[in-house]
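In: After the sequence you'll find the predicted model.
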Amino acid sequence: MMITAPIVEVDKLKMYFPVRRGVLGRVTGTLKAVDEVSFSIAQGETLGLVGESGCGKSTIGRCLVRLLEPTGGHIRLAGKDITHRSQWRLRRMRSMVQMVFQDPSASLDPRMDVRHLITEPMVIAERGSRRSRTKRVDWLMDIVGLPQSSAAKFPHEFSGGQKQRIAIARALALDPKLIILDEPVSALDVSVQSQVLNLLLDLQNELKLSYLFISHDLSVVKHISDRVAVMYLGKIVEMGAADTIYKNPRHAYTKALISAIPPPDPTVTPAPIVMTGDVPSPIDPPPGSAFGRRVNHPRVDMTAGLDLSPVLIAPGHWVAPDPCALSDEDLKKLGIDVLN
């Protein structure tokens with residue numbers, strides 16, 4: 001595919017939450033959910049964002065649609081900074097970026113029928129006439145594979161896969177350029193997952209959409225993504241083309257995630273890389289390599305004070321220069337001498 005100019009640019013994004021304790025709710029710490037994350041998504045491109053639960057993936061998605069106001073950094077949508085823009089001024093930008101949530105049963109109002117659910121964004125945005133909205137709802141139901149006759153039904157009358165199709169149709173109502181997909185198929189059966197993923201790919205080709213696809217399932221991300229970014233404890237540790245990440249991962253955490261993908265051949269016994277230890281707390285995390293502290297790596301002390309922001313290790317391939325996660329050969333390539 002041909003990649004064009006970025007539809008969204010994220011520069012050193014931070015999302016910190018105060019930790020309050022006691023009767024008076026005093027602030028006793030800071031939870032660093034997202035810590036200086038940078039990436040961009042081009043028009044027509046899909047960036048897969050993967051990592052364990054609690055690493056900050058969904059928080060990034062909520063920041064991009066401004067359900068959360070970032071603590072620091074910048075978010076530029078179509079070249080315009082929306083990081084701290086007021087909700088009133090954001091109304092003009094809402095049509096450009098929409099979100100599809102993990103659980104369609106929770107994101108669809110059970111008191112509204114399908115036609116009203118899909119029409120609501122157009123009404124709020126004061127888009128079109130009543131007649132044109134009706135025609136657009138019919139068209140949206142067609143392209144997501146639902147019969148127009150079901151427009152009068154309510155969410156509880158549909159299966160999980162059909163509900164997610166309704167959620168996708170609603171996200172497309174305002175003709176967005178970027179859609180945040182937050183675990184959109186994790187609650188669905190495997191057979192339904194493939195149908196929804198193929199629908200998303202068809203819609204992307206037809207409507208020239210950009211996706212941020214958030215998931216913990218690397219096999220799903222591999223199927224749909226052009227590039228993949230791997231997150232660990234609020235930071236991106238590796239990013240590059242999907243084929244490069246899956247065939248030649250450099251970071252030890254990425255290697256462990258990929259090794260956990262079940263092989264398609266049932267006769268092949270998987271050999272996952274088992275990581276010992278627990279993920280450090282995101283509340284005032286210790287300095288240095290969070291991954292190194294998890295596995296109790298002998299080099300972890302030398303990482304205190306190091307800048308572990310991703311750097312280029314090959315064309316289009318970024319990785320955190322972590323002495324606890326890279327091979328000696330890669331560290332040498334990056335100019336890091338682990339003997340000193």
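Out: Perfect, I can see it now. Just so we're clear, the structure is a prediction, and the values are computed from it rather than from any experiment.

In: And the strands in the stretch 151-300 of the chain?
Out: All strands of the stretch 151-300 of the chain, identified by DSSP state E, counting those that start in this stretch, fall at 178-182, 210-215, 227-232, 235-241.

In: helices or strands next to the longest one in the packing?
Out: Of the remaining helices and strands, those touching strand 235-241 by 3 or more C-beta pairs under 8 Å, 6 or more residues apart in numbering; DSSP states H and E are strand 26-42, strand 227-232, helix 252-259, strand 317-319. Bear in mind the C-beta positions are built from the backbone N, C-alpha and C, glycine included.

In: Any chance of a markdown table for the strands of the stretch 151-300 of the chain, columns mean neighbour count, mean pLDDT and distance to Ser149?
Out: Converted to a markdown table, the strands of the stretch 151-300 of the chain look like this (neighbours: other C-beta atoms under 10 Å; pLDDT from 0 to 100; distance: least, C-beta to C-beta, whole Å):
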| stretch | mean neighbour count | mean pLDDT | distance to Ser149 |
| --- | --- | --- | --- |
| strand 178-182 | 24 | 96 | 26 |
| strand 210-215 | 25 | 96 | 29 |
| strand 227-232 | 25 | 96 | 40 |
| strand 235-241 | 24 | 96 | 43 |
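
In: tally of neighbours for Trp139?
Out: 13 (other C-beta atoms under 10 Å).

In: I misspoke; the intended subject was Arg131.
Out: The local packing of Arg131 (other C-beta under 10 Å) involves 8 other residues.

In: Could you dump the strands of the stretch 151-300 of the chain into TSV and include distance to Arg94?
Out: As requested, the strands of the stretch 151-300 of the chain are exported to TSV (distance: least, C-beta to C-beta, whole Å):
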stretch	distance to Arg94
strand 178-182	11
strand 210-215	16
strand 227-232	25
strand 235-241	26
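
In: if we compare the ones you listed, which one ends up closest to Ser259?
Out: Comparison of the strands of the stretch 151-300 of the chain against Ser259 by C-beta to C-beta identifies strand 227-232 as nearest, at 13.2 Å.

In: What strands flank the closest one, and is each parallel or antiparallel?
Out: With DSSP bridges as the test, strand 227-232 is paired with strand 46-50 (parallel), strand 235-241 (antiparallel).

In: Give me the angle between the shortest one and strand 26-42.
Out: What that stands for is strand 46-50. With axes from the mean of the first three to the mean of the last three C-alpha atoms, to 10 degrees applied, the angle from strand 46-50 to strand 26-42 works out at 150 degrees.

In: what's the answer for the last one, then?
Out: Comparing the axes of strand 235-241 and strand 26-42 via the same axes, to 10 degrees yields an angle of 10 degrees.
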